[in-house]
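Q: Sharing a sequence plus its predicted fold:
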Amino acid sequence: MTRGQDVNSPAVIIAAILFTVVGASAFLILPILIGAAAEDFQLHEGQLGFLSGASMTGSTISALMAIFWVRSVNWRLAMFIAMAVFGFGNLLAILVSEYTFLLIAIFIASIGGGTAYSLALTILSDHDNPDRVFGYSIAAQVSFQVIGLLAFPTVIRMGGLDALLAILCALAILSLFAISFLPISGKDVRLSNVFQIFTQTRVVFALLGCLFFFFNVGCFWTFIGRMGDTYGYSPQVIGNSLALGVSAGIVGSLCASWLGNRHGRLMPLFASALGTVVAAILLNSSEALLIYVLAVALYNFVWNYSLAYQYAIVADVDESGRSVAIAPAFHAAGAAMGPAFAGMMVIEEGFIIINILVAVSVMISFALFVPACRTEQT
């Protein structure tokens, strides 16, 4: 039984969606944040890859730890602690002036953000129609992306990276008012050994599918802004182009909410993988601004269309209700591995390697989701 609030109530859904947005906020504006860090700290591409990787590593660790506590603690207290850590990490990042300390501060902030995101996803997974509410959550996240990509370049011109980090701190503080709308706990799920979920073949395939999917996302999202810079676009043009392209992600996530499980979950994943490959080919075919925007739009549509189904698959294959909490760990692990690996390759091969890595990793992801979607045989 859920205590404190009904997980199907609009207030709980809205509050949980809010925390998915705040928890993922740094990642959602990663191209802008990376660009600001590059300017303020004079970082090269390899350092930027590791900075992105530090953020994803913190999210990975926090999500993995959620498997131990997410079904056994007071959810309101856990969310308060998560927001406190997220705010502290971003405040610390404002105060530091060296690259190493910036890495540490971003890592700390990502611990809090990742914890909040995992907890919010767990709350949404208890809903009677998880496909739909996951779609709404992703639509809200993409809406924040669009606003950030349009407004934050101006904020950065006025105050640099510190101004952007101050906004993230403010989000952590303001979100505290929504904690009282969260349930105290969720479904009563008993599991003698939390690692038991990793003995379930379909769960393992689904989580690895999540990892390789975000390997491609990490590569794309970390360096898409830098690609535009090498093409000669100004920061404002890049921000506007990304905002326009990312807007397509709202449509993608709402399509997932509207369609639900009407056509199953495997076909949407295949369509998304195919669209990702096409977007990578477009980016490699021309440096024209129209092609750049079109590729970003297509990529974001299929990315966000796919994501709701990934969470729904993970929630469906594991009856313990814990796997969905650690799905962000595998997303974050992939997103950490992708840019760190790609950052080293870019120095040698140029940005074409990014598009190759994006295409290959998304097809591996789809191949892993295929056995996860099949009925498990005894």
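A: Perfect, thanks for sending it. Residues are numbered from 1 along each chain as shown.

Q: CA atoms for contacts and neighbours, from now on please.
A: OK.

Q: And the next helix or strand past the helix or strand of the chain with the lowest mean pLDDT?
A: In the chain, the helix or strand scored least confidently by mean pLDDT, DSSP states H and E is helix 323-349, which has a mean of 74. Using DSSP states H and E, the next helix or strand after helix 323-349 towards the C-terminus is helix 352-373.

Q: so how far is that following helix off the chain centroid?
A: 17 Å (CA atoms, centre = their mean, to the nearest Å).

Q: Poorly predicted segments of this protein, please.
A: Along the chain, the parts satisfying pLDDT under 70 run over 1-5, 45, 186-199, 260-263, 319-322, 346-350, 374-378.

Q: Spell out the residue ranges of the helices in it.
A: Here the chain has its helices, by DSSP state H, at 10-28, 30-41, 45-69, 75-95, 99-125, 130-175, 201-230, 235-259, 266-285, 289-317, 323-349, 352-373.

Q: Can you say which of these is nearest to Leu182?
A: Taking CA to CA, helix 10-28 is the member of the helices of the chain nearest to Leu182, at 5.5 Å.

Q: would you put the C-alpha positions of that closest one in CSV?
A: In CSV, the C-alpha atoms belonging to helix 10-28 read as follows (Å, rounded to 0.1, in the frame of the first residue of the first chain):
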residue,chain,number,x,y,z
PRO,A,10,-2.7,14.4,-10.2
ALA,A,11,-0.8,16.1,-7.3
VAL,A,12,1.5,13.2,-6.9
ILE,A,13,2.1,12.8,-10.6
ILE,A,14,2.8,16.5,-11.1
ALA,A,15,5.2,16.6,-8.1
ALA,A,16,7.1,13.5,-9.2
ILE,A,17,7.4,14.9,-12.8
LEU,A,18,8.7,18.1,-11.3
PHE,A,19,11.5,16.2,-9.5
THR,A,20,12.4,14.3,-12.7
VAL,A,21,12.9,17.7,-14.3
VAL,A,22,15.0,19.1,-11.5
GLY,A,23,17.0,15.9,-11.0
ALA,A,24,17.9,15.8,-14.7
SER,A,25,18.2,19.5,-15.2
ALA,A,26,22.0,19.6,-15.6
PHE,A,27,22.0,16.9,-18.2
LEU,A,28,19.1,18.5,-20.0
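
Q: which parts of that helix are buried?
A: Buried positions in helix 10-28, judged by neighbour count with 16 or more other CA atoms under 10 Å: 11-28.

Q: And the contacts of it?
A: Outside helix 10-28, the residues within contact range by CA atoms under 8 Å, 6 or more residues apart in numbering are 5-7, 33, 55, 86, 112-117, 120-121, 123-124, 133, 136-137, 140-142, 144-145, 168, 171-172, 175, 178-179, 181-183.

Q: Now do it and helix 99-125, the angle between them.
A: Counting by axes from the mean of the first three to the mean of the last three CA atoms, to 10 degrees, helix 10-28 lies at 150 degrees to helix 99-125.

Q: quick check: angle from helix 10-28 to helix 201-230?
A: Using the same axes, to 10 degrees: helix 10-28 against helix 201-230 is 50 degrees.

Q: quick one: helix 10-28 to chain centroid distance?
A: Worked out by CA atoms, centre = their mean, helix 10-28 lies 12 Å from the chain centre.

Q: now the angle between helix 323-349 and it, please.
A: Relative orientation of helix 10-28 versus helix 323-349 (the same axes, to 10 degrees): 20 degrees.

Q: quick one, what contacts Phe369?
A: Residues counted as contacts of Phe369 (CA under 8 Å, 6+ apart) are Phe205, Ala206, Gly209, Leu266.

Q: now the third one, nearest residue through space, not along the chain?
A: Leaving aside its sequence neighbours, Gly209 sits nearest to Ser365 (CA to CA, 6 or more residues apart in numbering; 4.3 Å).
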